[in-house]
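> Need coordinates for the following:
(chains A, B and C)
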Amino acid sequence: MTEIEIRSAMARAVDEAREKNPLAPSITNTVTQDFVANAQLAVGGAAAMMYLPDECESIVKVAQAFYINMGTAMPFYEETLPRAAKACFDEKKPWVLDPVGIGMSELRTKLLLQLKEFKPSIIRGNASEIIALANLWGLITTTGGQVRGVESTEKVSAAKVAAVSLAKFTGGTVAVSGEEDLITDSKQVILCAGGSELFTKITGSGCALGGVMAVYAAVADPFIAAMAATVMFNFAGSKAAAEVNAPASFKVKFLDNLYTLRPDNISKTFRSANSLEGMFEFGLTPRVE
Amino acid sequence: MTEIEIRSAMARAVDEAREKNPLAPSITNTVTQDFVANAQLAVGGAAAMMYLPDECESIVKVAQAFYINMGTAMPFYEETLPRAAKACFDEKKPWVLDPVGIGMSELRTKLLLQLKEFKPSIIRGNASEIIALANLWGLITTTGGQVRGVESTEKVSAAKVAAVSLAKFTGGTVAVSGEEDLITDSKQVILCAGGSELFTKITGSGCALGGVMAVYAAVADPFIAAMAATVMFNFAGSKAAAEVNAPASFKVKFLDNLYTLRPDNISKTFRSANSLEGMFEFGLTPRVE
Amino acid sequence: MTEIEIRSAMARAVDEAREKNPLAPSITNTVTQDFVANAQLAVGGAAAMMYLPDECESIVKVAQAFYINMGTAMPFYEETLPRAAKACFDEKKPWVLDPVGIGMSELRTKLLLQLKEFKPSIIRGNASEIIALANLWGLITTTGGQVRGVESTEKVSAAKVAAVSLAKFTGGTVAVSGEEDLITDSKQVILCAGGSELFTKITGSGCALGGVMAVYAAVADPFIAAMAATVMFNFAGSKAAAEVNAPASFKVKFLDNLYTLRPDNISKTFRSANSLEGMFEFGLTPRVE
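You can find the predicted model right below:
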């Protein structure tokens, strides 16, 4: 796809999410559920969180997409996660996997090995997590991918091979979040800049990004969904950081911006722009590697 | 009760909650606990959330009211919910039931059937949930009441028969949330307008409403408690929507307004009013059917 | 330590937390996790919440401190809490205990008795909780320490003997939150004023305070960590209450202030000050008893 095609497909996804209000339920960590749900609602989606396996299976039937974030695993995840992922796979509903906390326990390792066969449409994580997952699934063999709690010790660029190999395996898309974000469907690798340092000073922006990817995956293919969510987040975040300079008001402005941004905002190149020109151009021109 | 009597009883409830700080603990979903607790605190109540059955039984003894929102059910809900509801019933403490997610799993169906005998003082839900509950409890036999995740597929007016039949059965009050809100103690059916479309763009306003109804149920009868909470929410929401136009700052303003509104604000008819006159009149004159 | 020494040690802790980004994971209640994590991030720390015992043991190895808040206990806490506390003790990592909900169930009593031998570096609670814990651990024998849900029925001063006896037993520090905050390492007892009444109108400020104490405990001894967190909270809260007058915007401003405050703000006596002089002086001069 050319840059113009990507841009206009992203704009269509943003529009359609607002028109169709797709339901994208989640199994997601208890820390950031409020943020995930509010981000999904802000872009036009509908949210629902759950823990019980049969409830996941039941809601997948009426949902348009699903989001699994392994965050704060609880004992019953052992049954819930594989059954939810299998339901998405069987019902051919797009689903997003965030393998946060990979390697922290045997349960997580076991679960992530089980999820492999249900091929997530989008995998989203930081560089360390993506490298660790590609290793766990036997797609690459490297060292690296050390995770410190929920934080990455690697740069996004270091995860490029891992991301491409994961995307090749799933047939879907992989999004690596960091200072720049790398998105690949194994054929194209795109770097998106923008966003704000303040994202690292609030909890859950990665989780919320995964949730919004699920909303867009309900109305677009995984690559466009991951791109649209990333560009929306970077744009809304850049704009918020230009308006305020501390994290709690940044979060409020960011969510407000997610709600008020129009497709136009992410479909143009902004070269002719306004006082924020430099930042927007930097932030919004996906760089094709 | 006449409109004037209702209005002055609501004003007394709002006042008394601020004076007495009643404790209204909750079993409620993990997504919106922060919002529920902050809304309860904003109107003068005290909040506490819990999961363990013996802790619910123990706190019911010192609490003035209780709130059960079935939201993100976990395996141990099987024991916790019936024991908490029974404790409220035995101790004659008013309690509010939000049957969110009704029909999503066998566990929920089983639990809701068990809760029937403990007659919630207030049942709050959207139209689909209220219709589904009245069906489940054998009070009406209709089709309809399809739930899409946590969202209603029915208009509030469609739930009138279901709401009245539930209120007749429990001897309490039923509140149906929607574009207009319907509140009935089976003898009177009142429609409250107002609020804001932005409530649908933040997660948990229904949950928070249930939590605030529990606070007011500690100081007023169920009908007045449900009315007072609804009118406070609609008023605080209308006012917030007049101040800001995006969801995250709407939520901040809404909670601020809940805290700063005075009983006067909901006890007058506002006919003489200011630039917001039309909205307030529409929003705050309960329409008796 | 003299007042000047305490002030400059606090300033160093505030600085070092921003430089070193220490990881201070938590087992903490589901109501306020978002607030705890965002407060920890705002002061420069890194956050991670978890529930599984082996994950706690695994993360303690790479963490610099740990926070256990008993809040919304779930059945699996029975295994998780003692193993997490033991891991901290064995690995000599400082850890903070918030015994919220003490006495509410047999499980809590049993757990708190088990945690005794792992000697928390900092114990933080309201007056009732501190008195109840000192009683439970057999360090004092008084009546009092009645807890109403999560709220105290006692004044901070009433908990002085209990706090000193707990600090003597653990060799660490005890912080009693209230209108004034009492902090003691058993040798010194300091009262810190300041803060704002609005802290009682938002949920989780005590939890967030415990989380921030854990962050500072990673870079300072427990006494200085508890002092620094308390003074930062009181200062950021006083400042926020001078800027806004309702709880939701107070919370936003408070978190913003936590992020923007510099060590200078808490290391000077502010006698020369500005229009807020009185408040700051009151708020920031620790009173040595």
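
> Send over whichever strand or helix holds residue A:235 as CSV, restricted to the C-alpha atoms.
Of the helices and strands defined by DSSP states H and E, residue A:235 is found in helix A:222-243. Output of helix A:222-243 as CSV, limited to C-alpha atoms (Å, rounded to 0.1, in the frame of the first residue of the first chain):
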residue,chain,number,x,y,z
PRO,A,222,-5.4,-5.6,11.3
PHE,A,223,-2.6,-3.5,9.7
ILE,A,224,-4.8,-0.5,9.1
ALA,A,225,-6.4,-0.9,12.6
ALA,A,226,-3.0,-1.0,14.3
MET,A,227,-1.9,2.0,12.2
ALA,A,228,-5.0,4.1,12.8
ALA,A,229,-5.0,3.5,16.6
THR,A,230,-1.3,4.4,16.8
VAL,A,231,-1.6,7.5,14.7
MET,A,232,-4.7,8.6,16.7
PHE,A,233,-2.8,8.1,19.9
ASN,A,234,0.3,9.9,18.8
PHE,A,235,-1.7,12.8,17.4
ALA,A,236,-4.0,13.1,20.4
GLY,A,237,-1.0,12.8,22.7
SER,A,238,1.1,15.4,20.8
LYS,A,239,-1.8,17.8,20.9
ALA,A,240,-2.5,17.2,24.6
ALA,A,241,1.2,17.7,25.4
ALA,A,242,1.1,21.1,23.6
GLU,A,243,-1.9,22.1,25.8
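
> Chain A: helices as residue ranges?
Listed in chain order, the helices of chain A (DSSP state H) span A:3-20, A:33-42, A:53-62, A:77-90, A:106-115, A:127-136, A:160-170, A:205-217, A:222-243, A:247-260, A:263-267, A:277-284.

> So which bits of the helix holding residue A:235 are buried?
The neighbour-count check on helix A:222-243 (16 or more other Cβ atoms under 10 Å in any protein chain shown) flags A:222-241 as buried. The C-beta positions use only the backbone N, C-alpha and C, and glycine is treated the same way.

> Can you give me the buried ones in stretch A:1-8?
The neighbour-count check on stretch A:1-8 (16+ other Cβ under 10 Å) flags A:1, A:6, A:7 as buried.

> got any ranges where chain A has weak pLDDT?
Scanning chain A for pLDDT under 70 picks out the ranges A:143-151, A:267-289.

> Residues of it that sit close to chain B?
Contact residues (Cβ under 8 Å from any Cβ of the partner chain) of chain A with chain B: A:23, A:25, A:30, A:33-34, A:37-38, A:41-42, A:46-52, A:54-55, A:58-59, A:62-63, A:74, A:76, A:251-257, A:259-260.

> Turn the helices of chain A into a markdown table, including distance to chain C.
Formatted as a markdown table, the helices of chain A follow (distance: least, Cβ to the nearest Cβ, whole Å):
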| stretch | distance to chain C |
| --- | --- |
| helix A:3-20 | 24 |
| helix A:33-42 | 6 |
| helix A:53-62 | 17 |
| helix A:77-90 | 9 |
| helix A:106-115 | 7 |
| helix A:127-136 | 13 |
| helix A:160-170 | 22 |
| helix A:205-217 | 11 |
| helix A:222-243 | 13 |
| helix A:247-260 | 4 |
| helix A:263-267 | 25 |
| helix A:277-284 | 21 |
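
> Return the residues in contact with the nearest residue to residue A:51 once chain neighbours are set aside.
Taking Cβ to Cβ, 6 or more residues apart in numbering or on different chains, and ignoring the residues beside it in sequence, residue A:51 has residue B:74 as its nearest neighbour in space, at 5.3 Å. Residues near residue B:74 by Cβ atoms under 8 Å, 6 or more residues apart in numbering or on different chains: A:51, A:52, A:74, A:76, B:51, C:74.
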